[in-house]
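Q: Structure here, sequence nowhere to be found:
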């Protein structure tokens, strides 16, 4: 189990959608996270997108940057 925020509300669909809008594969996104100093594998990113792995704040900060989203609201769109 990872240390971090539990996905008690599933945001994986939004994360996957944002990655695809950025035209990145999971491999490319995980490599960019590594470049930014955020330890990440393609497998872990897949598990995050599936809601099977906790999301750390550092990961969300880096994803915001590499997915070029203006606001963190994009991660939480259409959630109830």
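A: Received the coordinates, thanks. Quick caveat, the model's predicted, so the values are computed rather than measured.
Q: where exactly do the helices run in the chain?
A: Secondary structure of the chain by DSSP state H: the helices cover 12-21, 26-35, 42-49, 57-66.
Q: what angle sits between the first one and helix 57-66?
A: What it means is helix 12-21. 30 degrees (axes from the mean of the first three to the mean of the last three C-alpha atoms, to 10 degrees).
Q: Name the residues that touch helix 12-21?
A: Under the criterion C-beta atoms under 8 Å, 6 or more residues apart in numbering, residues 26, 29, 48-51, 55, 63, 67, 69, 74-79 lie in contact with helix 12-21. The way it works is simple: take the backbone N, C-alpha and C, and place the C-beta from them, glycine included.
Q: Also stretch 23-31?
A: Stretch 23-31 is contacted by residues 19, 22, 32, 40-42, 44-46, 49, 63, 66-67 when judged by C-beta under 8 Å, 6+ apart.
Q: what's the answer for stretch 66-80, then?
A: With contacts defined as C-beta under 8 Å, 6+ apart, stretch 66-80 is touched by 9, 11, 14-15, 18-19, 21-22, 24, 29, 32-33, 36, 60, 63-64.
Q: Quick check: which ranges of this protein have low pLDDT?
A: Along the chain, the model assigns pLDDT under 70 to residues 1-8, 80.
Q: How many residues are close by residue 67?
A: Neighbours of residue 67 under the rule other C-beta atoms under 10 Å: 19.
Q: same deal with residue 48?
A: Residue 48: 26 neighbours (other C-beta under 10 Å).
Q: rewinding a little: of the contacts of stretch 23-31, select the buried ones using a ChimeraX command.
A: Buried residues within the contacts of stretch 23-31, by 16 or more other C-beta atoms under 10 Å, are selected in ChimeraX with:
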select :19,32,40,44,45,46,49,63,66,67
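Q: re the thing from before, which among the contacts of stretch 66-80 count as buried?
A: Buried subset of the contacts of stretch 66-80 (neighbour count, 16+ other C-beta under 10 Å): 11, 14, 15, 18, 19, 24, 29, 32, 33, 60, 63, 64.
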